[in-house]
Structures are given as structure tokens and as C-alpha cells.
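Participant: Whatever this is, show me its structure:
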Amino acid sequence: MATKPVEKPVHDLLCQALETEIGGVAVYRMAILCADNDDLRAEWQKYLGQTERHVEIVRQMFDALDLDPEATTLLLGYGITGGAVRAAVARARREGRALSGVVVQSLWPIPETALTAAMTGVDRVVVAELNPGLYRREVERIAAGRTVVGVERLDGELLSVEQILEAA
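Facilitator: Next comes the predicted model:
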């Protein structure tokens, strides 16, 4: 599915995060080459791996964000619910409704900065998940007064697009 361009402040934030992490990778690679101490080299190797993972996560965020600057509701999903969230956003837009969608690629630690940026301009967040609202509670913690609604299933079945749109 083709996504709409993200809002400029969110896009700028993600570009800055990516540049920062890519710069960190370069610094750690050079530090490892220059290190004379084996313990220090091993520690920097660990940090290099973490920083490379951060680059991967930020790149996934570019793919996952589907933001509409006119939207007042953000649909949020992860894992298998991500497909239903993407389909719900697409259907809503075909019907003339302005919705934004985010599919989170990494749950823990919660990507607070990215989610806070994605929530810019919305007053309602709908969290789709196949559990009793565990991630919804994390989103409520950072929602800054926005209404956070959970769409949850515990019966082993998947959430439908209709269930998500009903909550939106």
C-alpha cells in the first residue's frame, strides 16, 4: 500500500534520528579500528551492534508511518494487527475519512519520541491488539491528555477492519 507523506515535523525528526544513528555507527566503527585495549574494543563492538539496530528501527519507522495531517484520530497496531490497521486506514480514506496509522515495529522500549510525534494534531488514539490492553496502557502513559481507546481480542481470532474502524 502506498503511504501518504508524513508531516514535515515528524519527517524531520525521523531524518535527524537516522542521521544521528548512522553517525554513531561510523564513530563506533572507527573507534574499534583505533582501540588498543581489548576490553574497550569489545565494549565498543557491543555499542556498535546496538547502534546498528537503532538504524534498522528508524528505517522501519519510515516504512510504518502512514500519517494524514488532517486526521484527528491515530490508529496504532503492531505485529499481526498491523495489517488490519493499514487496511482500516486505507478503507477510511477511500470513504473520505481522515485517519492516520502507525504500525510499531519494536514494542520495548516503547518508541516514545516517534509515537509522540505521530500523535501531533490528534485527540484520539485507537490501539489494536490481541491481548487485554497491555500496549494501550503504555500509550496512555505518553498520550498527554488524548483519548486512548483499545480494540482488543482475547479469543484467538484476529481483529477485523470493521472492529478497528468502529472504534475510530
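Participant: who's in contact with stretch 71-79?
Facilitator: 84-86, 88-89, 98-105, 107, 115, 118-119, 121-130, 135, 139, 164, 168 (CB atoms under 8 Å, 6 or more residues apart in numbering). The C-beta positions use only the backbone N, C-alpha and C, and glycine is treated the same way.
Participant: Narrow the residues you listed to those that are buried.
Facilitator: 84-86, 88-89, 99-105, 115, 118-119, 121-122, 124-130, 135, 139, 164, 168 (16 or more other CB atoms under 10 Å).
Participant: burial count for the nearest residue to residue 85 once chain neighbours are set aside?
Facilitator: Nearest non-adjacent residue to residue 85, counting by CB to CB, 6 or more residues apart in numbering: residue 77, 3.5 Å away. Neighbours of residue 77 under the rule other CB atoms under 10 Å: 27.
Participant: same check, this time on residue 159
Facilitator: 21.
Participant: ok, what's across the strand from the most centrally placed residue in the chain?
Facilitator: By CA atoms, centre = their mean, the mean C-alpha position of the chain lies nearest to residue 104, the distance being 3.5 Å. Beta-bridge pairing for residue 104 (DSSP bridges): residue 78.
Participant: Renumber starting at 55 from here on
Facilitator: Okay, using 55 as the starting number, the last item reads as residue 158.
Participant: Could you say which helix or strand holds the residue lying farthest from the centre of the chain?
Facilitator: Farthest-out residue of the chain from its mean C-alpha position, per CA atoms, centre = their mean: residue 90, at 39.0 Å. Using DSSP states H and E, residue 90 sits in no helix or strand.
Participant: State the mean pLDDT of stretch 181-199.
Facilitator: Per-residue pLDDT values across stretch 181-199 average out to 95.
Participant: Please apply the same query to stretch 103-118.
Facilitator: What stretch 103-118 shows for mean pLDDT is 81.
Participant: buried residues in it?
Facilitator: If you call a residue buried by 16+ other CB under 10 Å, then stretch 103-118 has these buried ones: 105, 106, 108, 109, 111, 112, 115, 118.
Participant: How are the helices of this protein distributed by residue range?
Facilitator: For the chain, helices defined by DSSP state H occupy the ranges 62-88, 92-118, 135-148, 166-172, 188-196, 215-221.
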